[in-house]
Each structure stands twice: as structure tokens, then as C-alpha cells.
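> fold the following for me, if possible:
(one chain, ligands or ions: 1)
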Amino acid sequence: MEKVRIGLAGAGFAARFHFDNFPESGVEVVGVTSARGESRDRFAAERGLRAFASVEEMLPHIDVLDICTPPSSHRDYILAAAAAGKHIIVEKPLTGFYGSPAAHDKPHMLEAVVEEARRLREAVSKAGITLGYAENFVYAPSIQKEREIVEKTGAQILRMVGEESHNGSHSPVYGIWSIQGGGSLIAKACHPLGAVLYLKRKEGLARHGKPIRPAAVSARTHSITRLPGFEDKGFLRAHYQDTEDYAFLHVVFDDGMVADITASELVLGGIYDFVEVFANNHRTRCRMSPVQVVDVYNPKHEQFKDLYLVEKLSSNEGWIPASPEEGWSLGYGRELRDFIGCIRAGRTPQSDLDLAIDITLALYAGYVSAAQLGRETAVPRIS
Ligand SMILES: NC(=O)c1ccc[n+]([C@@H]2O[C@H](COP(=O)([O-])OP(=O)(O)OC[C@H]3O[C@@H](n4cnc5c(N)ncnc54)[C@H](O)[C@@H]3O)[C@@H](O)[C@H]2O)c1
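Residues are numbered from 1 along each chain as shown. Got it, this is the predicted structure:
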């Protein structure tokens with residue numbers, strides 16, 4: 001194919017950073033569709049794209065559907081693209097359970113997600129298409145450097161710790177289980193979890209020719225901002241409808257090694273994202289954000305109020321660890337280059353459907369564990 005033709009589903013935050021980070025050559029972003037006509041038309045007009053009324057209408061005009069819509073719509077769009085023989089890029093989470101948590105217990109949710117993952121796997125495999133799972137942590141330069149160290153030195157990873165936390169989300173539909181499929185665990189822990197599962201996969205392939213996968217998890221979830229004793233000073237987003245705002249996930253891998261992941265909505269001061277690796281021959285701190293390339297001091301917020309310095313900072317006053325190029329430090333550019341290269345060459349991306357399914361099932365096994373106050377729960381496997 002001369003140029004890979006992309007169609008964006010969604011015209012919000014993720015669609016913007018995907019659009020900005022596609023490779024400059026060999027790709028044409030053809031159009032966009034989104035639930036709200038007004039923002040879709042504005043997004044299209046500002047970027048010279050065609051606005052389509054629906055994914056179905058856009059599919060005949062594209063080679064790749066890039067899904068940047070809220071999580072509850074991912075499954076239907078993956079199935080529609082696969083049925084049309086189109087390649088897929090899908091934002092996190094791959095999929096989830098979108099019923100009310102008051103009406104469904106967690107083991108039921110896990111069973112339903114296992115079935116859903118099976119269905120998606122069958123559809124993608126039958127269509128013979130490439131699916132890129134947009135877990136940008138996998139592509140962050142710090143994680144890719146660690147992957148190289150593990151592969152080239154035959155390292156054994158003994159334990160890892162990771163976190164993604166920041167103050168809520170800009171999305172108005174965040175905090176609603178029926179749209180997001182959960183809270184901090186599914187929406188934020190997915191990132192460092194994606195990185196640690198990826199690194200153990202790579203270690204296994206390098207040392208034994210077979211990925212090392214998550215075997216069991218223990219988790220706790222809490223709704224701190226809904227506690228009667230929480231004192232709201234107005235700085236943190238609160239009022240999540242029915243999702244947790246703090247999550248902790250302990251992962252045990254096939255080889256008995258471990259990882260501990262924390263995720264929360266309770267952190268002020270911009271994004272707090274890292275993964276630290278403790279191996280038998282080295283130790284690595286992977287920073288995603290802030291990466292401390294530039295520190296800017298601004299004595300008065302008003303001066304910088306329209307400047308973008310780093311994601312999710314609530315005030316541009318004082319010392320700021322500004323991010324000069326988030327597409328690089330957070331891996332967005334490398335991720336989209338890998339997906340496009342793999343689609344052209346028929347290769348499997350670094351962040352693929354198998355990794356996405358392991359992440360999703362580990363997270364929902366985490367919800368089952370959290371409902372039993374941290375009891376160890378096996379991570380189901382469908383392959
Ligand atoms: N990788 C990351 O770091 C990262 C960061 C933010 C969001 N995300 C993911 O990106 C996805 C979108 O999140 P966002 O922050 O851009 O949300 P957003 O609310 O900013 O944008 C969502 C867009 O999708 C549209 N939309 C909603 N329902 C739709 C439907 N059924 N069909 C078509 N369009 C629909 C909305 O009108 C809006 O244009 C989510 O899956 C989220 O988890 C990933």
C-alpha cells in the first residue's frame with residue numbers, strides 16, 4: 001500500500017495526541033468520526049480531515065481504524081473493523097465489563113471479560129489483520145532501554161514497582177463504571193502493568209524462548225474521596241460516580257517473581273509515572289513523566305496560563321518540570337511508528353493483542369481479589 005489511510009474514532013484528548021504523533025511520511029489521516037457532531041466537525045476542520053457520521057461510514061475509506069473513544073465502545077469498533085478486514089489501533093483498555101458494579105459481582109465480570117477477550121481474539125485472527133494495542137508505556141524510551149538491557153545481558157527480573165497517578169481525568173465520563181469499566185485500576189494501573197508484563201515477556205523470550213506471564217494477582221481498591229472523613233479543599237477531582245480512586249495490585253509471574261503496581265487519582269502536581277526494575281544483575285529507574293529535561297520557574301500563574309507545560313498540572317506557578325516533547329518521553333511517536341511499520345510488513349507489534357489480553361485479565365482478576373480484600377486470584381488464560 002502506498003500510503004496507509006487512517007480513520008480516527010473519537011475527537012478528544014487521545015485522538016489529538018495520536019494525530020500529532022503519526023509518522024510524517026507514508027501515512028494519511030483521512031477522516032474522523034465522533035459521537036458529538038460539533039467537536040467532530042471542529043476537529044476535522046482544524047486538521048483538514050473529512051468528518052464521517054459513523055465508523056461504519058468511514059470504514060470503506062480507510063486501511064486502519066484508530067479507536068480513541070471511551071472504553072465501552074472499544075469492543076464494537078474492534079469487531080466492526082475486523083469484520084471489514086481493516087487493521088486496528090486501539091487505546092487502552094482493550095475492553096472491559098460495562099454493567100453496573102452494584103448489579104454484578106466481580107467473578108461474573110471476570111467471566112464476561114474472558115469471553116469477550118476470546119471473541120476479540122477470534123475475530124482478529126479470522127480477519128488476518130494487525131491489531132496495535134496503544135499501551136504507550138511499552139514504547140517509552142526508558143522502557144525500551146530497559147528491554148534492551150534485559151535482552152542483551154540475560155538479566156532475570158526479580159521484582160518491579162510501578163505507578164501511574166494523577167488528579168483524575170479531564171474526561172467528563174470518567175468515574176462512571178458503565179463507560180470506563182472500573183476506576184484507577186483499569187484506567188491508570190493498566191499503564192505500569194503493561195510495562196511490567198511486557199518486560200517479563202521479553203525476559204522469557206530472551207532466556208527461554210517463551211514469554212513469562214502473570215500467574216496470579218492480589219489487589220486492594222479504595223474510594224478515598226467518597227469517605228465521609230475526606231476533607232475536600234477543592235484541589236483534587238472528587239465525586240467519582242461508582243469507581244475506585246486508589247488501587248494496588250501485586251502480580252506473581254509464572255517464575256515466582258513479582259511486581260507491585262499503584263494507581264490513584266489522589267496525586268497533585270502533574271502526572272507521577274514510573275517503573276523501577278530490580279534484576280539479578282542491574283537495577284533501572286524508568287521515568288515517564290516528569291522526565292526532568294527542563295525546569296521552568298514562573299512566579300505568577302497568569303503569565304503562563306495558556307502555555308502547555310506538562311500533562312495534568314493544575315497550576316502553572318512555581319518550579320515546573322516542563323515536558324518539551326511528550327510524544328517522545330511518553331512513547332506515543334515510537335508506538336505509532338511501530339504500528340504503521342507492522343501493518344505494512346505484516347509483523348506483530350511490540351504491544352499486541354496477546355499483551356493486551358494478559359493486561360485486561362490481570363486487571364479484572366484484580367477486581368475479584370479486591371472484592372475479597374486482597375485474596376490471591378489466578379489470572380485466567382485464553383491462549
Ligand atoms: N494512552 C494514554 O495515555 C491515554 C490518555 C488518555 C486517554 N486514553 C484512552 O483514550 C480513549 C479516549 O479517551 P479521551 O481521554 O480521549 O476521552 P475524551 O472524552 O477526551 O474523548 C472521547 C471522544 O470520543 C467521542 N465518543 C464518545 N463515545 C463515542 C462513541 N460511542 N462513538 C464515537 N465517538 C464517541 C467523544 O465525543 C470524544 O470526541 C479512552 O479509551 C482512554 O482510556 C489513553
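
> please count neighbours and contacts with C-alpha atoms only from this point.
Will do.

> contact residues of the stretch 151-300 of the chain facing the ligand?
Residues of the stretch 151-300 of the chain lying close to the ligand (Cα under 6 Å from any ligand atom) are residue 171.

> what's the burial count for whichever residue of the stretch 151-300 of the chain sits closest to the ligand?
The nearest approach of the stretch 151-300 of the chain to the ligand comes at residue 171, 4.4 Å away (Cα to the nearest ligand atom). Other residues near residue 171 come to 10 when the count uses other Cα atoms under 10 Å.

> quick one: secondary structure of it?
Using DSSP: H, G, I helix; E, B strand; the rest coil, the structure places residue 171 in coil.

> from residue 302, how far off is it?
24 Å (Cα to Cα, to the nearest Å).

> returning to what we had before: so what's the residue of the stretch 151-300 of the chain closest to the ligand scoring on pLDDT?
Predicted confidence (pLDDT) for residue 171: 87.

> show me where this protein has helices.
13-21, 37-47, 55-58, 74-83, 106-127, 136-139, 141-153, 177-180, 184, 190-208, 326-329, 332-345, 353-371 (DSSP state H).

> tell me which of those helices sits nearest to residue 98.
Among the helices of the chain, helix 177-180 comes nearest to residue 98, with 4.2 Å by Cα to Cα.

> could you pull up the mean pLDDT of the closest one?
In this model, helix 177-180 has an average pLDDT of 97.

> can you check stretch 283-296 too?
Mean predicted confidence for stretch 283-296 is 93.

> again with stretch 210-219
On average, stretch 210-219 scores 98.

> now stretch 117-133
Average pLDDT, stretch 117-133: 98.

> so what touches it?
For stretch 117-133, contacts defined as Cα atoms under 8 Å, 6 or more residues apart in numbering pick out 75, 78-79, 82-83, 85-92, 94-95, 339, 342-343, 346-349, 351-353, 356-357, 382.

> now swap in stretch 215-230 and tell me
Here stretch 215-230 has contacts from 185, 232, 238-240, 243-254, 362, 365-367, 369-371, 373-379, using Cα under 8 Å, 6+ apart.

> buried only: go through those residues for me.
185, 238, 240, 243-253, 362, 365-367, 369-370, 374, 376-379 (16 or more other Cα atoms under 10 Å).

> can you flag which of the residues you listed belong to strands?
246-253, 377-378 (DSSP state E).

> and residue 9, how far is that from residue 2?
In terms of Cα to Cα, residue 9 sits 22 Å off from residue 2.

> more crowded one of the two?
residue 9 (27 against 8).

> ok, that one touching residue 55?
Yes. Between residue 9 and residue 55 there is a contact under Cα atoms under 8 Å: 6.8 Å.

> count the residues that sit near residue 86.
Neighbour count of residue 86, defined by other Cα under 10 Å: 23.

> next up, the contacts around the residue most central in space within the chain.
Centroid check for the chain by Cα atoms, centre = their mean gives residue 92 as the closest residue, at 3.8 Å. Taking Cα under 8 Å, 6+ apart, we find residue 92 in contact with 71, 133-135, 187, 190.

> of the residues you listed - the most surrounded one?
Going by other Cα under 10 Å, residue 135 tops those with 28 neighbours.

> hang on, that one packs against residue 193?
No. Between residue 135 and residue 193 there is no contact under Cα under 8 Å: 9.9 Å.

> tally up the residues packed near residue 242, please.
Per other Cα under 10 Å, the neighbour tally for residue 242 reads 17.

> buried ones in stretch 254-271, by neighbour count?
Those would be 257-271, for stretch 254-271 by 16+ other Cα under 10 Å.

> cool, stretch 203-222 as well?
Those would be 203-204, 206-207, 211-222, for stretch 203-222 by 16+ other Cα under 10 Å.

> could you tell me the end-to-end distance of it?
End-to-end for stretch 203-222, by Cα to Cα: 33 Å.

> I'm done for today, thanks for sticking with me.
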